[in-house]
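Trainee: Sequence first, predicted coordinates after that:
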Amino acid sequence: MKTVNMHEAKTHLSKLVEDAVRGQPFVIARAGKPLVKVSMIEDAAPRRLGFLAGQAEIPADFDTMGADDIRALFEGDAPAPRPVP
C-alpha cells in the first residue's frame, strides 16, 4: 500500500482519491508516522453507463416532437395547450 506524506497528499489529493476509487488505497503519514488510511467506500462506486438499458424507450421522432406547437408559441399564434397523455 502506498504511503504519502501530508504535503504530497495535499498537493495531489485529486489523483490520490481517483486511485483509491480504482482500488488502490493509500496511507497519509506525518513525519513518517502513518495517520490515516484512505480507501474507496464500497457503496459509493461510480455508476456505470447503460445501467438502465432496456428499461425505457425513446420515440423515433424525439428530436421533432412538438415542433409545430413550439414554433406556434414563438410566432405568437399558439393553440390552447393540449393535455399530455
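Mentor: Cool, got the structure.

Trainee: and the helix or strand of the chain at the bottom of the mean pLDDT ranking, C-alpha only, in CSV?
Mentor: One helix or strand of the chain scores below all others by mean pLDDT, DSSP states H and E: helix 67-75, with a mean of 85. What follows is helix 67-75, C-alpha atoms only, in CSV (Å, rounded to 0.1, in the frame of the first residue of the first chain):
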residue,chain,number,x,y,z
ALA,A,67,-42.1,21.2,-33.2
ASP,A,68,-45.3,22.7,-34.6
ASP,A,69,-46.6,23.7,-31.2
ILE,A,70,-43.2,25.2,-30.2
ARG,A,71,-43.0,27.1,-33.5
ALA,A,72,-46.5,28.4,-32.9
LEU,A,73,-45.6,29.6,-29.4
PHE,A,74,-42.6,31.6,-30.7
GLU,A,75,-44.7,33.1,-33.6
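
Trainee: buried sites along it?
Mentor: Across helix 67-75, burial judged by 16 or more other C-beta atoms under 10 Å covers no residue at all. For every residue, glycine as well, the C-beta is placed using N, CA and C.

Trainee: I'd like the distance from it to the chain centre, please.
Mentor: 34 Å (C-alpha atoms, centre = their mean, to the nearest Å).

Trainee: can you give me the end-to-end distance of stretch 40-60?
Mentor: With C-alpha to C-alpha, to the nearest Å as the measure, stretch 40-60 spans 41 Å from end to end.

Trainee: Show me the contact partners of that stretch.
Mentor: The contact list for stretch 40-60 (C-beta atoms under 8 Å, 6 or more residues apart in numbering) reads Ala20, Val21, Arg22, Gly23, Pro25, Met65.

Trainee: Need the buried ones from those residues selected in ChimeraX.
Mentor: Only the buried entries of the contacts of stretch 40-60 go into this ChimeraX selection, using 16+ other C-beta under 10 Å:
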select :20
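
Trainee: Dump the contacts of stretch 40-60 to CSV, plus pLDDT, distance to Val36 and secondary structure.
Mentor: Shown next, in CSV, are those (pLDDT from 0 to 100; distance: C-beta to C-beta, whole Å; DSSP: H, G, I helix; E, B strand; the rest coil):
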residue, pLDDT, distance to Val36, secondary structure
Ala20, 92, 12, helix
Val21, 88, 16, helix
Arg22, 89, 19, coil
Gly23, 89, 18, coil
Pro25, 95, 10, coil
Met65, 90, 52, coil
